[in-house]
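> here is a sequence with its predicted model. Questions after.
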There are 2 protein chains.
Amino acid sequence: MISGGNLVNGVWESSKSSPHFFTKNPQNEKSLPTAFEEANEDQIQRALEGASESFESYRTTSFETRANFLSAIQKELQAHKEEILIYYQKESALPQGRAEGEFQRTLDQLQRFVELLQKGIFANIRIHTQGPDIRKMLFGIGPIVVFGASNFPLAFSTAGGDTASALAAGCPVIVKGHPYHAATSESVARCISNAVQKCNLPSGIFSHLTGASHELGSRLVSHPLTKGVGFTGSFKGGRALFDLAQKRTEPIPVFSEMGSTNPIFILENQLQTDAAVLAKEIAQSVLLGSGQFCTNPGLIMIHDPSGKSHFYKSLCNEVKGAELAPMVHSNIEKQYQEKLKELSNTNALNSFYQAENCAAAIGEVSASTFIKYSHLAEEVFGPFTLVVSCKTAEELIELANALPGQLTATILGTSSDLASSKKLSTRLQLKTGRLLFQGVPTGVAVTQAMQHGGPYPASTDPRFTAVGTDAIHRWLQPIAFQDCPQELLPEALRNENPLGLLRSINGELTTEAL
Amino acid sequence: MISGGNLVNGVWESSKSSPHFFTKNPQNEKSLPTAFEEANEDQIQRALEGASESFESYRTTSFETRANFLSAIQKELQAHKEEILIYYQKESALPQGRAEGEFQRTLDQLQRFVELLQKGIFANIRIHTQGPDIRKMLFGIGPIVVFGASNFPLAFSTAGGDTASALAAGCPVIVKGHPYHAATSESVARCISNAVQKCNLPSGIFSHLTGASHELGSRLVSHPLTKGVGFTGSFKGGRALFDLAQKRTEPIPVFSEMGSTNPIFILENQLQTDAAVLAKEIAQSVLLGSGQFCTNPGLIMIHDPSGKSHFYKSLCNEVKGAELAPMVHSNIEKQYQEKLKELSNTNALNSFYQAENCAAAIGEVSASTFIKYSHLAEEVFGPFTLVVSCKTAEELIELANALPGQLTATILGTSSDLASSKKLSTRLQLKTGRLLFQGVPTGVAVTQAMQHGGPYPASTDPRFTAVGTDAIHRWLQPIAFQDCPQELLPEALRNENPLGLLRSINGELTTEAL
């Protein structure tokens, strides 16, 4: 079913002379049979030209047309589920349950954007007729380059949240498939491509290019017809793409979601009464997906005045017998092990424990040491967490102040703990996009209220989110029409309100005609 | 009343040893008496530290508190109107009517944000209680550096739209006063400072620093505590600040509004029937404020198949007898005259006319030549416009394609012209933030529906606007609270909806309690 080729403007192209690469099964390190071709410069050029040309008509398609298109993608994915999940598991080694869950999440994400388009409120329609007649709504910004993520071959990749939100916004998408799961990516891209055809949409609105080198990504981001970029991955990669994009003659928005240590703060009484239960729950969160979640809790700040808490030991016990799938690629596993070696070799940590049978590891350090060595606040991507022990409530605040920007932060406390934690809560608001007071940060609900982003280096722009329906706003810009004749106005802005949308007219929200 | 000092965290500081500079009256080139001190590194540091500290409390002030604060600024400005306008006219040479108009516009802008805060809808409250309880709203991003603009000493400067929107967002502001009108800037800054005191707000939320060198601006943008930048001015300046900000360890949003040539397209029948009237109206727009408007129409594309239109001649006649005030500074006048000399010396233009008694000038060129020489599409800041003659409707489209990003574009046509101009309208939507079908682009209404921004190089981010109430979104980021106890939630997110705000609860807009 898959060819190893590149999808350029609706045509799967194969040229046997291209350089190529293979994907591997992390379970046994064996290569899969398909040879994937590196997209060449000509293909990049044609994909961008096709995207740019098709943008002119796609940007003004009705919300209904786009909703039907996203539904068609869902249907195609459903119809090819079995095949997709076979590739998924072979290329990622993630277990069956996770595969099923991530597949469903991908469908659900698409569904959220279908519903968003059906409601149409996201277009922020504003009509002002006092003085000049000015009518404004949001339109797509142009072709978007989406990078597949290594840790979510489905939900943050080819038909993931970036692609769904950009297509919903009326923007063509060029996916740069992640080279660790090129077969999964191609099988999903074929579904999108089928949906484009079935909906009679211009073929340039979706292309899929593969490559194992950084060059493909750099060229896509630097191309003058690219108007925006979505990326989920490492700090190094996300920052490099951001820098490239800002150096262009025309700088473009890049939303890089670059991970986070997602600190959990356990307050004094909660720690005393609940250490064992919390250790169990947090260990599960640390180990989830072999620790390969952007919201994996990598720092646990405990308020332990007596220094007698068994939390660290409980946590070690919890990860002791855990059975973990290998990480999605041996390169990622290698980087993880190197980071662990560095950490265990510094004299900074009080204790360091690594489970015998798996990659999971736990460290322990005092608050003062943590603040002294800023590298301890950096993300260790994988099933590792660092317990930071505080003697006083002031130390908790100092830790909050010392943190770089985060996707999430969590405060766990009893009612009495929380009653005196206003200062901590306020400080953490300055550092994060999502602040939790129960549970663990893994598990990011795809709702209108979700915020998955945060101050740098968690993301390159804290004003936007990568998860939830508001993710669409990364790819939208307002255009105002002044004294425009009805027939030249977009339907959504016409007097009679033919789409029945909720609009702000002279400051009042209404679905009425004008 | 003014000292020439710097306002740092609520204190006007004077140190006679600082390097200093003077402002000049463009009417007679004479220096005004006040010596303005260059802000030094220590003052920059303290201003940013003060802003950062005060942000922690200011960001959570109630919308009502902020609305009252903006009202207090209005009152102070009103009380000091006479003095402010004396400085304004001495430093800018802009006439009395313009001074009065710009002063009123500044008050009106503040009023729009007062009303926005009173309604509270801008905070985009989203509550989702199915699954984890997640509640999201917008908060300020932190201290904002605002650059005063040379061409609008009031409305786009010290208490202008950038400052008003940032203060409304809950962000402290450090204004870098424009050195061409430092006295006007200080007199306005004193009003804001009085309002801060009268409202008992933390003094760090507003500082005002002066400097004639680029160094002050660079230092402010590079300072790690700065979280955003608002700039209106030249392409060179706006891009330089943008580049500085993106190279920081933590990149920050910079909204640079860098001007535009604001093309007007006059269609065939409209040109035939209305050339004289249009020439009059457009000439007035070109000459307005001595051509120093961001939305000054610098390109007039006429569809003139016979080549016999008198439009160019009429335009020349209209500017012939015009009496213009000098430009706001001799440096700007010099740059303008140099640009004109370059243009008139190239052999590209068919005709070039400069009025004898004033700085106004008009050029004329064929469409094919215009497309050949890309420098003809660059902005000439001042009372100049270039008439571009097209023989065919296709040439109009080619011109639209050849344009860089614009703040505005205007299509003027009869009903029959407009009926066949859908393609032109579509192409221009890809190039501009505001598309007009009547009148002239100068005069930018401050309403919810206004868009004053556009694709690069008109601005550095087409997703935002510098004018109108949506300008606040440049300085806001969402924070989500998950399973947060009521008492730790911001009031706006609490179950009982104590502020009576319109909120989206599980996807439905309502003012009801939860």
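Here it is on my side, so go on.
> how many neighbours does A:L110 have?
26 (other Cβ atoms under 10 Å in any protein chain shown). Quick note: C-beta positions are derived from backbone N, CA and C, even for glycine.
> what's the separation between it and A:L70?
Computed with Cβ to Cβ, to the nearest Å, the distance linking A:L110 and A:L70 is 5 Å.
> shared neighbours, the two?
Shared contacts of A:L110 and A:L70 (Cβ atoms under 8 Å, 6 or more residues apart in numbering or on different chains): A:A164.
> all strands for the stretch 351-500 of chain A, in order.
Assigned by DSSP state E, counting those that start in this stretch, the stretch 351-500 of chain A shows strands spanning A:351-354, A:361-366, A:384-390, A:406-412, A:432-436, A:476-482.
> would you reformat those strands as JSON lines and include distance to B:L48 and mean neighbour count?
JSON lines is the format used below for these (distance: least, Cβ to Cβ, whole Å; neighbours: other Cβ atoms under 10 Å in any protein chain shown):
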{"stretch": "strand A:351-354", "distance to B:L48": "39", "mean neighbour count": "16"}
{"stretch": "strand A:361-366", "distance to B:L48": "31", "mean neighbour count": "23"}
{"stretch": "strand A:384-390", "distance to B:L48": "29", "mean neighbour count": "25"}
{"stretch": "strand A:406-412", "distance to B:L48": "23", "mean neighbour count": "28"}
{"stretch": "strand A:432-436", "distance to B:L48": "22", "mean neighbour count": "27"}
{"stretch": "strand A:476-482", "distance to B:L48": "31", "mean neighbour count": "25"}
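> so which bits of the longest helix along chain A are buried?
Criterion DSSP state H: the longest helix present in chain A is helix A:96-119. Buried residues in helix A:96-119, counted by 16 or more other Cβ atoms under 10 Å in any protein chain shown: A:98-99, A:102-103, A:105-107, A:109-114, A:116-117.
> other SSEs contacting that helix?
Identification of packing neighbours for helix A:96-119 by 3 or more Cβ pairs under 8 Å, 6 or more residues apart in numbering or on different chains; DSSP states H and E yields helix A:63-79, helix A:81-92, helix A:161-168.
> and these as TSV, adding distance to chain B?
Output for the helices and strands packed on helix A:96-119, formatted as TSV (distance: least, Cβ to the nearest Cβ, whole Å):
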stretch	distance to chain B
helix A:63-79	15
helix A:81-92	24
helix A:161-168	13
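> now tabulate the strands of the stretch 351-500 of chain A in TSV and tack on distance to B:R463 and mean pLDDT.
Formatted as TSV, those follow (distance: least, Cβ to Cβ, whole Å; pLDDT from 0 to 100):
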stretch	distance to B:R463	mean pLDDT
strand A:351-354	45	94
strand A:361-366	41	97
strand A:384-390	37	98
strand A:406-412	22	98
strand A:432-436	18	98
strand A:476-482	5	98
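> could these be laid out in a markdown table, adding distance to A:G291?
Formatted as a markdown table, the strands of the stretch 351-500 of chain A follow (distance: least, Cβ to Cβ, whole Å):
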| stretch | distance to A:G291 |
| --- | --- |
| strand A:351-354 | 13 |
| strand A:361-366 | 9 |
| strand A:384-390 | 7 |
| strand A:406-412 | 15 |
| strand A:432-436 | 19 |
| strand A:476-482 | 34 |
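> could you dump those to a markdown table with distance to chain B?
A markdown table is the format used below for these (distance: least, Cβ to the nearest Cβ, whole Å):
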| stretch | distance to chain B |
| --- | --- |
| strand A:351-354 | 29 |
| strand A:361-366 | 24 |
| strand A:384-390 | 19 |
| strand A:406-412 | 8 |
| strand A:432-436 | 4 |
| strand A:476-482 | 4 |
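> look up how far chain B lies from the residue of chain A positioned farthest from its centre.
Distance from the C-alpha centroid of chain A peaks at A:G131, with 43.1 Å (Cα atoms, centre = their mean). Separation of A:G131 from chain B (Cβ to the nearest Cβ, to the nearest Å): 5 Å.
> need the nearest residue in space to that residue, chain neighbours excluded.
B:A445 (5.2 Å; Cβ to Cβ, 6 or more residues apart in numbering or on different chains).
> where does that neighbour land on pLDDT?
B:A445 is assigned a pLDDT of 90 by the prediction.
> same thing with the one 10 residues further on?
The predicted structure scores B:P455 at 97 on the pLDDT scale.
> hang on, it packs against B:T408?
No - using Cβ atoms under 8 Å, B:P455 is not in contact with B:T408, being 11.9 Å away.
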